[in-house]
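# Got a sequence here, can you model it:
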Amino acid sequence: MDLVTVFRTYNTVEAQVICSRLQADGIQASVVDETAAMYLEAGTFTTGGVRVQVPDHQAAEARRVITGRDDHAAEN
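So this is what the prediction gives:
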């Protein structure tokens, strides 16, 4: 299973919130590089930020959840 980064931030709390939101929608999300960001001086900058990753087959749905788009909503 290949993982894809769908969100990147320099804020570990924001990454966890996004990850939790995706998981609530049934997407297998995980936070990557959080430990380095928390324990290294200027860690988030040296690691490129904290990433939220999902399986590649769930990436499109994850991006829709993150942006708040609902392509399946009925038009009025």
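
# Check the gap between the residue nearest to the spatial centre of the chain and residue 10 for me.
By Cα atoms, centre = their mean, the chain has its centre lying nearest to residue 52, at 2.8 Å. Per Cβ to Cβ, to the nearest Å, residue 52 is found 13 Å from residue 10. C-betas here are computed from N, CA, C, even on glycine.

# One more: residue 19?
The value you get for residue 19 to residue 10, if Cβ to Cβ is used, is 15 Å.

# Give me the next element, helix or strand, following the worst-scoring helix or strand of the chain on mean pLDDT.
Lowest mean confidence among the helices and strands of the chain (mean pLDDT, DSSP states H and E): helix 43-46, at a mean of 53. Later in the chain than helix 43-46, the nearest helix or strand by DSSP states H and E is strand 50-55.

# how big is the angle separating the helix or strand following that following strand from strand 50-55?
Later in the chain than strand 50-55, the nearest helix or strand by DSSP H and E is helix 59-67. On the basis of axes from the mean of the first three to the mean of the last three Cα atoms, to 10 degrees, helix 59-67 is oriented at 140 degrees to strand 50-55.

# what about the helix or strand harbouring residue 8, distance to the chain center?
Assessed by DSSP H and E, residue 8 sits inside strand 3-9. Chain-centre distance of strand 3-9: 5 Å, with Cα atoms, centre = their mean, to the nearest Å.

# CA atoms of it as PDB?
Provided in PDB are the C-alpha atoms of strand 3-9 (Å, rounded to 0.1, in the frame of the first residue of the first chain):
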ATOM      1  CA  LEU A   3       0.900   6.300   1.100                       C
ATOM      2  CA  VAL A   4       0.300   9.800  -0.300                       C
ATOM      3  CA  THR A   5       0.700  13.100   1.500                       C
ATOM      4  CA  VAL A   6      -2.500  15.000   1.400                       C
ATOM      5  CA  PHE A   7      -1.800  17.700   3.900                       C
ATOM      6  CA  ARG A   8       1.400  19.400   5.200                       C
ATOM      7  CA  THR A   9       1.700  21.900   8.100                       C
END
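
# what's the angle from the helix or strand following it to helix 59-67?
Using DSSP H and E, the helix or strand that follows strand 3-9 in sequence is helix 12-24. Orientation of helix 12-24 against helix 59-67 (the same axes, to 10 degrees) gives an angle of 120 degrees.
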